[in-house]
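Student: okay, sequence plus prediction incoming.
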Amino acid sequence: MATVAPDDRRAAIILVVIVVFAVLAVASLLVAFSYYCYIRNKVSRRVKSLKGNGSSRDKSESLQVTVDKGVHVFTFKQLHAATSGFGKANVIGHGGFGSVYKGILPDGRKIAVKLMDQCGKQGEEEFKMEVELLSRLRSPYLLGLLGYCTDNDHKLLVYEFMANGGLQEHLYPENGSHGRISELDWETRMRIALEAAKGLEYLHEHVNPPVIHRDFKSSNILLDSNFHAKVSDFGLAKLGSDKVGGHVSTRVLGTEGYVAPEYALTGHLTTKSDVYSYGVVLLELLTGRVPVDMKRAPGEGVLVSWVLPRLTDREKVVEIMDPSLEGQYSMKEVVQVAAIAAMCVQPEADYRPLMADVVQSLVPLVMHHQRPTSKVANCSNPLSAKSPSASESGRATTS
Ligand SMILES: Nc1ncnc2c1ncn2[C@@H]1O[C@H](COP(=O)(O)OP(=O)(O)OP(=O)(O)O)[C@@H](O)[C@H]1O
Ligand SMILES: [Mg+2]
């Protein structure tokens, strides 16, 4: 009988072990692959069933939008009823996304409904994503999203109603820089500047990942019945299509006069682009001038270029101030606010401050002015801010 050499035996054992491992590996691969197929099947069946529902029922039911508590899904019918059928009398403004209507819910709550222009199926998905994001952002300095509607290809956003509308309407009452005198006093302007800064600070520094507004401007600062400010339309800038009627939409480029130079030149967008736009709004509050007005004298058409050399010059800074604010502020205050604005509109993004720094610098200015009884702009009497008491309070701050 032939005997097996120990070396041959070891080789046979190794071979058996290798074969066993190979079989086990193939078996596990097969199991993993079957599991993957099973999960894929399950997911695609679910997607199909959701799509199927959408064709026969309200789209709002088929769109699985995960929103925080408090954000309501409205039907088109409900919003139609709340806004008197989107009647002309209910229109409160028009913007880059469509028209805004005032409405009243059956429980008596006032709302603002933004009926967005159509931008196709892809727009609907983006809209859904934005609603999901916006519903999670909550700050007293941001306009609250109450709900939305995506019925019958319509896209609507429902916001809390802000009784005093956009800041620009109060800075430029006749819708132009040469119209009626603004009734917003210094104290109210500084408080608006601080509250808007807090809104941006929240978006940049309290949200992860940070949210870049992209279209920060005076019409996107809304004022409630007490002239407290909230920032609106954050995150919406992404939603618009890039081409409207063959022209590049302002949604991509932001709004003329507010866009940071590096964004305009390279499309490179950071939170510092918002800081630049914030600086432009601060300049509007100081000067009462729109960011771009080519009807002005030569050299004065572009607000930033006109004011920049004057902002850091104590002698010249008074030249740029809104004449309607005369007697309401101290030199010390103006120099401080002008310095903040100058830093925000620096052409070099890295030299611009963080919004948290802006807030820190503005807080003492607003605290200084705060009185025990909350003061709001007296819109019935434009000259009230120039009353002796107001002037005195302004002078008192110089000491
Ligand atoms: N929640 C609201 N409460 C009261 N008024 C509002 C509200 N939202 C918007 N408005 C009014 O509607 C106007 C138009 O707003 P909308 O946001 O559509 O356009 P915009 O701010 O001028 O430009 P953009 O589309 O670039 O934001 C505002 O200027 C404001 O007067
Ligand atoms: Mg707006």
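Tutor: Sure, I can see it. Numbers count the residues shown, from 1 in each chain. Ligands and ions are numbered 1, 2, ... in the order given.
Student: what count of nearby residues applies to the closest residue to ligand 1 within the stretch 201-350 of the chain?
Tutor: In the stretch 201-350 of the chain, the residue that lies nearest ligand 1 is residue 219 (3.6 Å; C-beta to the nearest ligand atom). (Each C-beta comes from the backbone N, C-alpha and C, glycine too.) By other C-beta atoms under 10 Å, 18 other residues sit near residue 219.
Student: got it, and residue 103?
Tutor: Using other C-beta under 10 Å, the number of residues around residue 103 comes to 22.
Student: doesn't it fall inside a strand?
Tutor: Yes. Under DSSP: H, G, I helix; E, B strand; the rest coil, residue 103 sits within a strand.
Student: buried set for stretch 257-267?
Tutor: 257-260, 262-263 (16 or more other C-beta atoms under 10 Å).
Student: any part of that stretch near ligand 2?
Tutor: No. Stretch 257-267 lies out of reach of ligand 2 by C-beta under 5 Å from the ion, never closer than 12.1 Å.
Student: what mean pLDDT does that stretch have?
Tutor: Stretch 257-267 shows a mean pLDDT of 91.
Student: who in the stretch 51-200 of the chain is up against ligand 1?
Tutor: 92-97, 100, 112, 114, 143, 159, 161-162, 165-166, 169 (C-beta under 6 Å from any ligand atom).
Student: let's see it at 8 Å
Tutor: Residues of the stretch 51-200 of the chain found near ligand 1 (C-beta under 8 Å from any ligand atom) are 92-100, 102, 111-112, 114, 143, 159-166, 168-169.
Student: list the contacts for the residue of the stretch 201-350 of the chain closest to ligand 1?
Tutor: The contact partners of residue 219, by C-beta atoms under 8 Å, 6 or more residues apart in numbering, come to 95, 166-169.
Student: try residue 228
Tutor: Applying C-beta under 8 Å, 6+ apart, the residues near residue 228 are 191, 195.
Student: which bits of the stretch 101-250 of the chain sit near ligand 2?
Tutor: Applying C-beta under 5 Å from the ion, we find that the stretch 101-250 of the chain lies next to ligand 2 at 220, 233.
Student: show me where the stretch 101-250 of the chain has strands.
Tutor: 110-116, 145-149, 155-160, 221-223, 229-231, 243-244, 247-248 (DSSP state E, counting those that start in this stretch).
Student: the third one: which residues count as buried?
Tutor: By neighbour count with 16+ other C-beta under 10 Å, strand 155-160 contains the buried residues 155-160.
Student: kindly report the same for the first one.
Tutor: Within strand 110-116, the residues scored as buried using 16+ other C-beta under 10 Å are 111-116.
Student: now it, how far from the centre of its chain.
Tutor: 16 Å (C-alpha atoms, centre = their mean, to the nearest Å).
Student: and it, what does it pack against?
Tutor: Here strand 110-116 touches helix 76-82, strand 98-104, strand 155-160, going by 3 or more C-beta pairs under 8 Å, 6 or more residues apart in numbering; DSSP states H and E.
Student: and the second one with strand 155-160, angle?
Tutor: If you take axes from the mean of the first three to the mean of the last three C-alpha atoms, to 10 degrees, strand 98-104 sits at 50 degrees to strand 155-160.
Student: grab the nearest non-local neighbour of residue 161.
Tutor: residue 110 (3.8 Å; C-beta to C-beta, 6 or more residues apart in numbering).
Student: what's the answer for residue 338, then?
Tutor: residue 311 (4.4 Å).
Student: okay, now that neighbour: neighbour count?
Tutor: The tally of other residues near residue 311 (other C-beta under 10 Å) stands at 23.
Student: that one reaches residue 336, doesn't it?
Tutor: No. The criterion here is C-beta atoms under 8 Å, and residue 311 misses it with residue 336 at 11.2 Å.
Student: okay, now the nearest residue to residue 93 once chain neighbours are set aside: neighbour count?
Tutor: Leaving aside its chain neighbours, residue 93 sits nearest to residue 100 (4.5 Å; criterion: C-beta to C-beta, 6+ apart). Residue 100 has 21 neighbours, counted by other C-beta under 10 Å.
Student: what do you get for residue 109?
Tutor: Neighbourhood size, residue 109 [other C-beta under 10 Å]: 13.
Student: now it: phi and psi?
Tutor: For residue 109, the backbone dihedrals (degrees, to the nearest 10) come out as phi -70, psi 130.
Student: and if you look at residue 83?
Tutor: Here residue 83 shows phi and psi, under degrees, to the nearest 10, equal to phi -110, psi 20.
Student: so how far is residue 216 from the most centrally placed residue in the chain?
Tutor: Nearest to the geometric centre of the chain sits residue 234, at 1.5 Å (C-alpha atoms, centre = their mean). Counting by C-beta to C-beta, to the nearest Å, the gap from residue 234 to residue 216 is 8 Å.
Student: with residue 361 instead?
Tutor: When residue 361 is compared with residue 216 (using C-beta to C-beta), they lie 18 Å apart.
Student: again, but for residue 334
Tutor: Taking C-beta to C-beta, one finds residue 334 at 23 Å from residue 216.
Student: okay, those two: which has more neighbours?
Tutor: More crowded of residue 334 and residue 216, by other C-beta under 10 Å: residue 216, with 29 against 19.
Student: can you pull the contacts of the more buried one?
Tutor: By C-beta under 8 Å, 6+ apart, the neighbours of residue 216 are 200, 231, 258, 274, 277-278, 281.
Student: sketch out the low-pLDDT regions of the protein for me.
Tutor: Applying pLDDT under 70 to the chain flags the ranges 1-6, 31-70, 119-123, 175-179, 235, 237-253, 369-399.
Student: all helices of it, in order?
Tutor: Taking DSSP state H to define them, one finds helices in the chain at 6-56, 59-62, 76-82, 120-134, 167-171, 186-205, 250-253, 261-266, 271-287, 303-311, 314-317, 331-344, 355-369, 388-396.
Student: out of these, nearest to residue 294?
Tutor: Closest of the helices of the chain to residue 294 is helix 303-311, at 11.5 Å (criterion: C-beta to C-beta).
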